[in-house]
Every structure is written in structure tokens, then in C-alpha cells.
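In: What follows is a protein structure lacking sequence information:
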RNA sequence: GGGGCGGUAGCUCAGUCGGUCAGAGCAGAGGACUCAUAAUCCUUGGGUCGUGGGUUCGAGCCCCACCCGCCCUACCA
């Protein structure tokens, strides 16, 4: 047994999640975590909502509410989205807790004490009316190259050139139109060049492991070439106060010295809530522990460079040396598991243009497992992938319904009609032995693929095994055994079929946990087969040190009853009734309906 | 501009170290069967593996150039 940290990207609390988000970090991390638990590992899966930063502040201003109020609202929405998908977090919390503030500040102090946080003056665009930092993308003006009047501060959408906000002619704030002032401002910079050597060594070692996706490791190494110090503070009043700068409330920590630390702070919060506040160390201090970080590709730089740099700086493992703080030497990521992007049709999702599919809407209409299935089977694992309703319906109908669902249904129906319970098997014939062996072999092949984050191949392999069992039922023809003399053979075949369905259900459980629970009941099982997450309203642990939370909803769960990865004998005598279908066939007309809905 | 990824059967995609690698699923065609949500099972796939060169006894798989598409380019998270 190994301690395995599943560190899942923190969704930004600026609105509900669309299916591209959960395809990138949500479903893959859950499938992996569920499998690793089944394989006997001690998994800690953590995440939360990322609630600081300019975009939330701007959106809150626009809605006439405080940033905290907006964050509260969106936190609740996102928590609901994720729990409804069945994502089995041990703790899904948020960045506005007192615990998180304290952990972030501890990291800052130690990184600073170790010499990796240096003060520098930077030229920043400030909104004169609010005093807040105006990020480059919130500044518009005329492009100095092509004269396009609505160029953004970071890039001109017309000619594609990269710009600096100070280059713009007649710059203006995208938020309120005022002219930004470019002022000298003091900030703390993370001295990434002093950590580059250690980062490079770590990446080389990781590359040698051969486990990272090629594009992720190559991209990570490439961006190391142009590494330079990065500001870790901002002129903004919505964020975590900067230790040492308590007298400057308009300076706060940058979101990326905030959100990524959530992996650690959430682990600590989880431990505190279990009553064993030091328990998180099993995942962070033990060099044998493994950690997997799940995200979309736009986050690679933060997880393969900034976060490990922060950890190395905290540990005192950069060029300037240093000593770890109270948390001890912290583990760097074992693997950065980055997905590509899910597109809708041939375009990227865009909430602002209405080209979007929200998780809650898809779940309300089709339930969680058809969406989980699509993401696992056709998601953006190593390349951008397109979501289309036609493919969604086709995969649901021909693979989930006609393939797996039908196998469950035909098996259970025959057992119900002939015996009403799972019959005991007589002597096994070669055909019986063969199918049982084919299914058992699936635990090795599917498990190996899952351990290597090859979920598309893994679920395809599981479905191939399902096909073997459908073939078995067709070839043995139990539905023709109506004579009393064939009674024992019928019992044997149906017993074997039930055993195979049970094992296939286990194989598919990491992908389709909701369906797994239904199939478990169909075969006469009791209770919950795959444990499910729940929302729990918890009290703020450190009311004096956060953003003013009193209580908040978290996702958590007890996954200790997770079934083990492998075959388990079906219970002879368990009652089997004629089942209601596990999956719902979709009429092809939903394709038209959904396309009309999007417009 | 720089960097990365991809272009394989109508559609979606597999192809790890170059030598049964020209494949799978879906769609289509034919057949079998009826337990099952008309589901299942069997048979059926000659596509210049983006284009043009090159290396090699031999290349989707290596090298070069080019065409097309997508992504990243770091103070939006």
C-alpha cells in the first residue's frame, strides 16, 4: 500500500463549471483515485474553489455584491456540480478559509526566510479610481503595429503580435474605460532563476521515469529556458495578506502563490477535520508517497514550474539553500497529469459567447454516468477532443445501452425467470472457464492502463471484455435450455454469466460508479458498491484568520468500503428480479434538440 | 515571431524499440438468433497512412522542406 495524493486543479469560482472543465481535471482524477483505492492504496484526493483575484473582484463589482458574496455563491454552485458527477474528494474546500490563509502565509514566510522571495520594483498598470492592479488583459488600446483600435494589453487580436500594455496608444481600462496609470510599485518576486537548477534536475529525473505524457514533460522543460523572477504579490485588496506587509492592505499575495498551495492546505484541513491533525504528513513528508496533479494544459506551467519551485524554495533546495519550515521537507509532484482541451464542435467553450455546456444542465438531462463515459472514452486525454451530441448519443446507445446495459439486463432477466436467484454452478466446461479467465485477465490489462493514466484505452479494454461476455451468452444459448434435463447446465451458464457481469461491473466501477451501484443491486447485492461523495456543511476552523467564513459546504466522503480491484464470487442464492434498465437509450432527436438549445 | 501537438478507412481514433503495421469502434452490406431497451452474435474494410524529398535491405513510425489544423507564449485564472 502506498500513500497516493490526488491533487485536482482548483476551479475558479467565477461561475458554474462547463463540461470542458470536468473533462480536463474532474473525471480523470476521480477515475484514477477510485481505481487506486480499489488497488489498495491510501488515496487522499483534495481540491477546492479558487476564489481570489481580479476576475472575481470585477465580476462582483458588476453584480453589485462583494467578492466574498460572489465567491460564496459560486462555491456552492461548483460544489453541487462536482458532487453530482460523483467526484470522490476526501476534501473539496476553498481558498478563503482561515486554514488556507495560515498555510499560505507559513509558506511565504519560509520561502522569504530562505531567500527566494525578493523585493523588486515593477511597473504596473493601476486603476486610478480603485488603486487595484489592472492585469494586461484588462487594458485595451490602439495597437501600435497595426492600428487596430481594440487591442488588448497582452496581445493584439487583429495582428496577433504580443504587446506590452505601455505600448498601447490611448490605453484604457476594459472595466470602466478610465486611463490606467503606469506606476512604480514594490512587489515580492519568487526568484525562479535561483530554483531553475533544482527544477531542471527534478524534471530530468521525472522524464527518466518515463511516465509523464511526452508533451507535458517537453513543454515543462522548454519553459525552463526562459525562466525569470515572477511577482508573487499584487496591488489588490481581495486576496491573502502578505506577511510583513500587514500595514499595506492594498497588497495581497498573487493567486498563484495562493491557489496551488491549496493542495497542501486542503490536506492539512482534511487531517484536522479527521481528528488527527498530523495525518497529512503521510502524503507530503514520506518520500515514498506518490502525488498526481490533474489539470488542463493551460495550467501546466503552474504545476510543473511555479508550484514545484515554491516547494523547492520552502524545502530550501534551491541555489540559495535554506531550511524547511514547520511542515518539513515537502514532496514534489510525482506526475503532472495534464489533459488537453475538450471543444464543443470545432470551437472552444466560451461562456461569454454562450458557446457552452454546463455540467449541471447535462447532468439534469442525462445523469452523470453517460457524461463520465463520454469523457473517459473520448475525452481530451492526449489531444484536443471534440464533444458532439451525435457522438454522445451514439456512444450512449451503442456502447452503454446496447453493450454493457444489455448484458446486465439479459443476464438478470434470464436468472430472474429461471431461478429468481443466482444459481450454483455445476461442472464448468471449457467455454465457461475461458470466459471467466478472459474477464479476470481484464483486471490486469485495465488496471495497468488506469495506473498509467490511459483511460481511453482502459475503458475500451473494459468494454472489449464486456463484448466477450455478450459473446459467451450468445454462444452458450442459455435461453434455449428449457428442458428439465438441461437444468444444471442452465444454472451453470447463468452462474458464470452472473459472475462475469459482476466482475465487469468491478472493472467499470472507476468510470461508472453510479451505474456500478445499480448493477450491484440488480445482482442481488445490498447497499452501496462504490462509495459516493456527499456535501457537508462545516464550521470554519480558524474564524480569525480567513476571509470571514463562518461555515461552508465541502465535499467529502467515507471511501473505506471501496471494493478491491479483482474478482469476488457472486453470492449463490442472492435474489435477482427482472431489472429495470440501468442505462437509458436516447432518441436521436436529442441531437437536434440540444443543437437548437445552444443556438 | 518563438515553442508544442496533430493531419491514418465515410466518421471518431489505435498504432510502444522502424521489419504480419495497414488496424479497432461506429456507420453501411449480408447472415444467425430471440434471453435482452429491434438489443446480441457471425461475415464483410484495398484507405497514395497531409505533400515532396532523404536515410535504410526495409518507414505512418527516423531526418529535411513545405501545406493545413489546433494549442501555449507566463502577472486571466
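Out: Received it, and whenever you're ready, just let me know what you need. All of these numbers come straight from a predicted model, not from anything done at the bench.

In: burial count for the spatially closest residue to residue A:49 that is not a sequence neighbour?
Out: Residue nearest to residue A:49 in three dimensions, not counting chain neighbours: residue A:13, with 4.2 Å by C-beta to C-beta, 6 or more residues apart in numbering. Heads up, the C-betas are built off the backbone N, CA and C, glycines and all. Residue A:13 has 27 neighbouring residues, counting by other C-beta atoms under 10 Å.

In: Output the set of residues of the stretch 251-400 of chain A in proximity to RNA strand B.
Out: Counting by C-beta under 7 Å from any atom of the strand, the positions of the stretch 251-400 of chain A adjacent to RNA strand B are A:254-256, A:259, A:297-299, A:301-302, A:305, A:341, A:348, A:378, A:382-386, A:391, A:394, A:398-399.

In: So which of these are in strands?
Out: A:348, A:385, A:386 (DSSP state E).

In: Please tabulate those residues in a markdown table and include neighbour count as additional columns.
Out: Output for these, formatted as a markdown table (neighbours: other C-beta atoms under 10 Å):
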| residue | neighbour count |
| --- | --- |
| A:348 | 14 |
| A:385 | 20 |
| A:386 | 14 |
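
In: pLDDT weak spots in chain A?
Out: A:145-146, A:156-162, A:346, A:598-599 (pLDDT under 70).

In: Which residue ranges make up each domain of it?
Out: A:3-116+A:254-339, A:119-187, A:363-527+A:569-598 (the TED database).

In: Of those, which stretch is the most buried?
Out: domain A:3-116+A:254-339 (a mean of 22; mean count of other C-beta atoms under 10 Å).

In: And what about residue A:313, helix, strand or coil?
Out: helix (DSSP: H, G, I helix; E, B strand; the rest coil).

In: Contact partners for it?
Out: Applying C-beta atoms under 8 Å, 6 or more residues apart in numbering to residue A:313 gives the contacts A:111, A:114, A:116, A:117, A:190, A:191, A:195, A:322.

In: And the fifth one, how far from residue A:232?
Out: Spelled out, that is residue A:190. Taking C-beta to C-beta, to the nearest Å as the measure, residue A:190 falls 5 Å from residue A:232.

In: any idea which element residue A:553 lies in?
Out: According to DSSP states H and E, residue A:553 maps onto strand A:551-556.

In: Pull out the buried residues from that strand.
Out: Of the residues in strand A:551-556, A:552, A:553, A:554, A:555, A:556 count as buried by neighbour count, 16 or more other C-beta atoms under 10 Å.

In: Validate this expectation: residue A:541 resides in a helix.
Out: No. Membership of residue A:541 in a helix is not supported by three-state DSSP, which gives coil.

In: which one is it nearest to, not counting chain neighbours?
Out: Here the residue nearest residue A:541, using C-beta to C-beta, 6+ apart, is residue A:99, at 5.3 Å.

In: In a helix, the one you found, correct?
Out: Yes. Under three-state DSSP, residue A:99 sits within a helix.

In: Confirm for me that it is in contact with residue A:539.
Out: No. Using C-beta atoms under 8 Å as the test, residue A:99 is too far from residue A:539 to be in contact (11.7 Å).

In: wait, what's in contact with residue A:469?
Out: Contact analysis of residue A:469 by C-beta under 8 Å, 6+ apart lists A:407, A:435, A:439, A:497, A:500, A:501, A:504.

In: any chance of the residues you listed in JSON lines, with distance to residue A:228 and secondary structure too?
Out: Conversion of the contacts of residue A:469 to JSON lines gives the following (distance: C-beta to C-beta, whole Å; DSSP: H, G, I helix; E, B strand; the rest coil):
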{"residue": "A:407", "distance to residue A:228": "57", "secondary structure": "helix"}
{"residue": "A:435", "distance to residue A:228": "60", "secondary structure": "helix"}
{"residue": "A:439", "distance to residue A:228": "55", "secondary structure": "helix"}
{"residue": "A:497", "distance to residue A:228": "63", "secondary structure": "helix"}
{"residue": "A:500", "distance to residue A:228": "58", "secondary structure": "helix"}
{"residue": "A:501", "distance to residue A:228": "58", "secondary structure": "helix"}
{"residue": "A:504", "distance to residue A:228": "53", "secondary structure": "helix"}
